[in-house]
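Visitor: Predicted structure and sequence below. I'll ask about it afterward.
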Amino acid sequence: MTHINGNTKTVKGKHLSRDERIIIQTLINEGYSNRQIAGKLGRAPQTINNEIKRGMYTQKSRQVQNNKIYTYYKCVYSPDLAQDRYFENRIKSGRHPLPITDNPFVEWTDHLMIHQEMSPASVIMLAEKAKLFPERFIPCIKTLYNWIDRKLIKSVISIF
């Protein structure tokens with residue numbers, strides 16, 4: 001467990017909420033350090049650091065003075081940007097679905113289920129035991145039945 005100054009209880013395993021992101025923005029604008037913000041929110045300093053990195057963008061401003069253009073860059077934290085990036089990362093996380101197209105397992109399964117009248121469960125068990133395909137191509141039994149129900153495996157439809 002992460003400790004903050006030894007006396008603050010931390011929230012472990014919970015994601016930052018939109019309200020906490022707004023509080024972070026307010027405290028940054030008031031000049032608080034990452035550690036002070038972490039203390040106020042009861043979070044680990046690294047969580048606050050990661051969150052600020054996630055929500056930072058560069059703001060460009062120009063000023064004309066004596067016929068010269070001066071360009072200034074300023075890094076700004078945006079809770080809205082941080083929340084959007086959080087949602088994007090959540091969508092990308094987790095296991096990705098197995099490909100049905102260009103999957104050699106699907107064609108092999110079609111052949112066995114139609115011509116040798118094997119059940120989906122027995123086809124999967126045979127493929128796993130014989131190690132005929134890489135593990136990433138072999139779905140679980142539930143997934144194979146879902147593909148059949150959704151008619152994603154075309155040639156299997158004729159026997160069910």
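Guide: That came in fine, so what should we check first?
Visitor: quick one, phi/psi of the residue most central in space within the chain?
Guide: In the chain, the centroid-proximal residue (Cα atoms, centre = their mean) is residue 93; its distance is 2.4 Å. Per-residue torsions, residue 93: phi -80, psi 160 (degrees, to the nearest 10).
Visitor: got a list of contacts for the lengthiest helix in the chain?
Guide: Across the chain, the helix with the greatest residue count (assigned by DSSP state H) is helix 79-92. Under the criterion Cβ atoms under 8 Å, 6 or more residues apart in numbering, residues 15, 16, 18, 21, 22, 24, 25, 51, 54, 55, 57 lie in contact with helix 79-92. The way it works is simple: take the backbone N, C-alpha and C, and place the C-beta from them, glycine included.
Visitor: any idea how far residue 87 is from the residue nearest to the centre of the chain?
Guide: Using Cβ to Cβ, to the nearest Å, we find residue 93 at a distance of 11 Å from residue 87.
Visitor: Locate the residue of the protein with the greatest distance from its centre.
Guide: residue 66 (49.8 Å).
Visitor: List only those of the contacts of helix 79-92 flagged as buried.
Guide: Neighbour-count burial (16 or more other Cβ atoms under 10 Å) applied to the contacts of helix 79-92 gives 16, 21, 24, 25, 51, 54, 55.
Visitor: Let's have those in a markdown table, adding secondary structure.
Guide: Shown next, in a markdown table, are the buried ones among the contacts of helix 79-92 (DSSP: H, G, I helix; E, B strand; the rest coil):
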| residue | secondary structure |
| --- | --- |
| 16 | coil |
| 21 | helix |
| 24 | helix |
| 25 | helix |
| 51 | helix |
| 54 | helix |
| 55 | helix |
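Visitor: nearest to residue 131, of the residues you listed?
Guide: Ranked by distance to residue 131 (Cβ to Cβ), these are led by residue 54 at 41.4 Å.
Visitor: what number of residues lie near residue 28?
Guide: Number of residues near residue 28 (other Cβ atoms under 10 Å) recorded here: 17.
Visitor: Secondary structure of it: a helix, I assume?
Guide: Yes. With three-state DSSP as the criterion, residue 28 is located in a helix.
Visitor: Distance of it relative to residue 71?
Guide: When distance is defined by Cβ to Cβ, residue 28 is 23 Å away from residue 71.
Visitor: Also residue 118?
Guide: Taking Cβ to Cβ as the measure, residue 118 falls 69 Å from residue 71.
Visitor: Give the residue from those two that has the larger number of neighbours.
Guide: Neighbours were tallied for residue 118 and for residue 71 using other Cβ under 10 Å; the higher tally belongs to residue 118 (16 against 8).
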